[in-house]
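In: The following comprises the amino acid sequence and a computationally predicted model.
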Amino acid sequence: MRSTDRPSILYRARVASRVLVVGIASLPTTVGCAPSTNIGGVYFPAWLVCTVLGVVGAYAVALTLGRSASTRPLADSGLFFVALVTGISLASWLALYSGF
């Protein structure tokens, strides 16, 4: 392929403008569907609420497991904590927002 066979600047501008128009046109449909939660007069996205619940829940489970000598290595594991945060976050999403 020679350097003269590249698409022209006008063609690239037309493609970019079409992508921009499609992106702007689909923005209200993607933003309006996300559930939100009113906390103290401020609307927070549901994923943020579920993530906070996951971190707090995982911290409580890690504290509980850290009290015993036999489960302390598991509680100190970073991979276990991340998996626990993910599991609790997804479970709270299903429990709180599954009917949305």
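Out: Structure's in. What do you need?
In: where's the spatially most central residue of the chain, which helix or strand?
Out: Nearest to the geometric centre of the chain sits W47, at 6.0 Å (C-alpha atoms, centre = their mean). Under the criterion of DSSP states H and E, W47 resides in helix 46-66.
In: F81 too?
Out: Going by DSSP H and E, F81 is part of helix 78-97.
In: other SSEs contacting that helix?
Out: With contacts taken as 3 or more C-beta pairs under 8 Å, 6 or more residues apart in numbering; DSSP states H and E, helix 78-97 sits against helix 46-66. For every residue, glycine as well, the C-beta is placed using N, CA and C.
In: Keeping just the C-alphas, turn the helix it packs on into CSV.
Out: What follows is helix 46-66, C-alpha atoms only, in CSV (Å, rounded to 0.1, in the frame of the first residue of the first chain):
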residue,chain,number,x,y,z
ALA,A,46,-26.2,2.4,42.2
TRP,A,47,-22.8,0.9,41.3
LEU,A,48,-21.1,3.2,43.8
VAL,A,49,-23.5,2.3,46.6
CYS,A,50,-22.9,-1.4,45.9
THR,A,51,-19.1,-0.9,45.8
VAL,A,52,-19.1,0.8,49.2
LEU,A,53,-21.3,-1.9,50.6
GLY,A,54,-18.8,-4.5,49.2
VAL,A,55,-15.8,-2.8,50.7
VAL,A,56,-17.4,-2.4,54.1
GLY,A,57,-18.7,-6.0,54.1
ALA,A,58,-15.4,-7.4,53.0
TYR,A,59,-13.6,-5.5,55.7
ALA,A,60,-16.0,-6.8,58.3
VAL,A,61,-15.5,-10.4,57.1
ALA,A,62,-11.7,-10.0,57.0
LEU,A,63,-11.7,-8.6,60.6
THR,A,64,-13.8,-11.6,61.7
LEU,A,65,-11.5,-14.1,59.9
GLY,A,66,-8.4,-12.3,61.2
